[in-house]
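Peer 1: build me a model:
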Amino acid sequence: MLTRGTDIRRTGLAMCVLAGCGVVTGAAAAVYRWVDDAGRVHFSDTPPASHTEVLEFAPGTAAQAARRQQLLAEESAAAARDEACAAARTQLAQYQSAGRLVERDPDGNERELNADERASLVETAQARVDADCEVSR
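Peer 2: Got it, this is the predicted structure:
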């Protein structure tokens with residue numbers, strides 16, 4: 001035997017479930033953008049007859065989107081630092097292992113670097129490794 005209170009609870013539960021479904025589908029709705037003949041920009045959830053651009057938005061708040069963008073920027077910066085570090089280490093290793101170091105003038109003439117010039121290059125390359133490969137990053 002059902003009572004009036006049971007019917008109300010069931011109806012309320014059904015309404016909550018349906019409302020929840022509406023929220024989920026509403027979050028994935030497309031947004032249409034178009035510019036009218038007067039140059040005004042319009043946004044709508046229904047497409048106009050022509051000149052439509054569909055914009056897709058990631059779910060979440062603006063703060064979450066900003067945080068995702070910040071994390072991507074940090075990952076990109078870390079990759080660039082890693083690349084610079086690897087290049088600096090490679091250059092240092094080449095200077096240290098080369099049998100002789102040579103520089104060319106604009107005419108293509110070669111001149112072997114003396115011991116002091118070589119030491120200066122190695123020192124400069126080591127300083128670049130120290131700067132580009134900081135452990136504290």
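Peer 1: mind listing what's buried in the helix or strand hosting A65?
Peer 2: Per DSSP states H and E: A65 is located in helix 62-97. Residues of helix 62-97 classed as buried: C85, A88, Q91, L92, Y95 (neighbour count, 16 or more other CB atoms under 10 Å). For the C-beta atoms, the positions are set from N, CA and C on the backbone; glycine is no exception.
Peer 1: now these in CSV, with distance to V129 and pLDDT?
Peer 2: Below are the buried residues of helix 62-97 laid out as CSV (distance: CB to CB, whole Å; pLDDT from 0 to 100):
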residue, distance to V129, pLDDT
C85, 7, 93
A88, 4, 93
Q91, 8, 92
L92, 5, 92
Y95, 11, 89
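Peer 1: from the residues you listed, pick the one nearest D130.
Peer 2: Closest approach between these and D130, by CB to CB: A88, at 8.7 Å.
Peer 1: surely that closest one and A127 touch.
Peer 2: No: A88 is beyond contact range of A127, at 9.2 Å (criterion: CB atoms under 8 Å).
Peer 1: and the helices in the protein?
Peer 2: Remark: helices assigned in the chain by DSSP state H are 4-27, 62-97, 115-132.
Peer 1: point out where this protein drops to low pLDDT.
Peer 2: Applying pLDDT under 70 to the chain flags residues 1-30, 50-59, 135-137.
Peer 1: okay, domains of it per the record?
Peer 2: Structural domains annotated on the chain: 30-58, 60-137, as defined by automatic domain parsing.
Peer 1: now do the contacts for the nearest residue to V102 once chain neighbours are set aside.
Peer 2: The shortest distance from V102 to any non-neighbouring residue, by CB to CB, 6 or more residues apart in numbering, is to E110 (4.8 Å). Contacts of E110 were listed using CB atoms under 8 Å, 6 or more residues apart in numbering, and they are V102, E103, R104.
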